[in-house]
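K.L.:
What follows is a predicted protein model with its sequence.
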Amino acid sequence: MSDTAADLADTSWEQRVAALWDDDTVDPEMRLTRMRALAESAPHPALGAFELGGAFDSSGHEAEAGDQYAAAVEAGLATVDPVRAARMTVQYASTLRNLGRIEEAIAMLRDAPTHESTGSAPRVFLALALHSAGQHDEALRVAIETIEPTLPRYNRSVRAYAAALTEAPALTEAPALTEAPALTEAPALTEAPAADR
């Protein structure tokens, strides 16, 4: 196949995938069935695994979705399609969180690349994962710090309040012990008066 024919095939596949996702008349299970066929004809295995993972995700099959996302990573999605790779970080981490693999989700989201296709989504999902892990103060801090840049004013105060959520309170120095008062010398016992004989 020539480069031109290959490009046309890739474009056709992308258009069919986009059309499937945009079709609101298709229920999740039907979308999954159709996506299986599209994944088999994907221009690259990583692309097929990513899209199939998304279809599994949207139909509530999260364990299978996780398997497909892992396959996409293994097949080199980050190199093949950085835009999809950025999106998959969010989707995969969300799936891990729902599967109870919360620490893995947190680690993945902390390392998530900054990409215009996902914007602040990795930080929002990080806040959710932290909350699921019981780290409520840090979750709130991440959420606040995510929206802070969008505020028209009060930014410095908001940043300070957010940071204070996870800062350990400063230990106040214990007051110095004052020196115990010196014991005064007991009065000398005076000699008892001699008894009259």
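P.N.:
Everything's here; your move.

K.L.:
where does this structure have its least confident helix or strand?
P.N.:
helix 3-22 (a mean of 80; mean pLDDT, DSSP states H and E).

K.L.:
where are the low-confidence patches of this structure?
P.N.:
Across the chain, the ranges flagged by pLDDT under 70 are 1-9, 169-197.

K.L.:
List the buried residues of stretch 156-166.
P.N.:
Applying a neighbour-count criterion of 16 or more other C-beta atoms under 10 Å, one finds 158, 162 buried in stretch 156-166. C-beta: built from backbone N, CA, C; applies to glycine.

K.L.:
got the CA positions of that stretch in PDB?
P.N.:
What follows is stretch 156-166, C-alpha atoms only, in PDB (Å, rounded to 0.1, in the frame of the first residue of the first chain):
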ATOM      1  CA  ARG A 156      -2.900  35.000  46.400                       C
ATOM      2  CA  SER A 157      -5.300  34.400  49.300                       C
ATOM      3  CA  VAL A 158      -6.700  31.300  47.700                       C
ATOM      4  CA  ARG A 159      -3.300  29.900  47.100                       C
ATOM      5  CA  ALA A 160      -2.300  30.500  50.700                       C
ATOM      6  CA  TYR A 161      -5.500  29.000  52.100                       C
ATOM      7  CA  ALA A 162      -5.100  25.900  49.900                       C
ATOM      8  CA  ALA A 163      -1.500  25.400  50.900                       C
ATOM      9  CA  ALA A 164      -2.400  25.600  54.500                       C
ATOM     10  CA  LEU A 165      -4.700  22.600  54.200                       C
ATOM     11  CA  THR A 166      -1.800  20.200  54.000                       C
END
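
K.L.:
How about residues contacting that stretch?
P.N.:
137-138, 140-141, 144-145, 148, 151 (C-beta atoms under 8 Å, 6 or more residues apart in numbering).

K.L.:
How much space separates residue 83 from residue 14?
P.N.:
Residue 83 sits 12 Å away from residue 14, going by C-beta to C-beta, to the nearest Å.

K.L.:
which residues of the protein fall in helices?
P.N.:
Counting by DSSP state H, one finds helices in the chain at the ranges 3-22, 28-40, 45-58, 62-74, 77-80, 82-98, 102-110, 121-132, 136-147, 155-164.

K.L.:
Packed most tightly, which of those helices would that be?
P.N.:
Most buried of those by mean neighbour count (mean count of other C-beta atoms under 10 Å) is helix 45-58; its value is a mean of 23.

K.L.:
Show me how far that one is from its chain's centre.
P.N.:
21 Å (C-alpha atoms, centre = their mean, to the nearest Å).

K.L.:
outside of that helix, which residues touch it?
P.N.:
For helix 45-58, contacts defined as C-beta under 8 Å, 6+ apart pick out 13, 17, 21, 28, 31-32, 35-36, 38-42, 62, 64-69, 71-72, 75-77, 80-81, 84, 88, 91-92, 94-95.

K.L.:
No further queries at this time; thank you.
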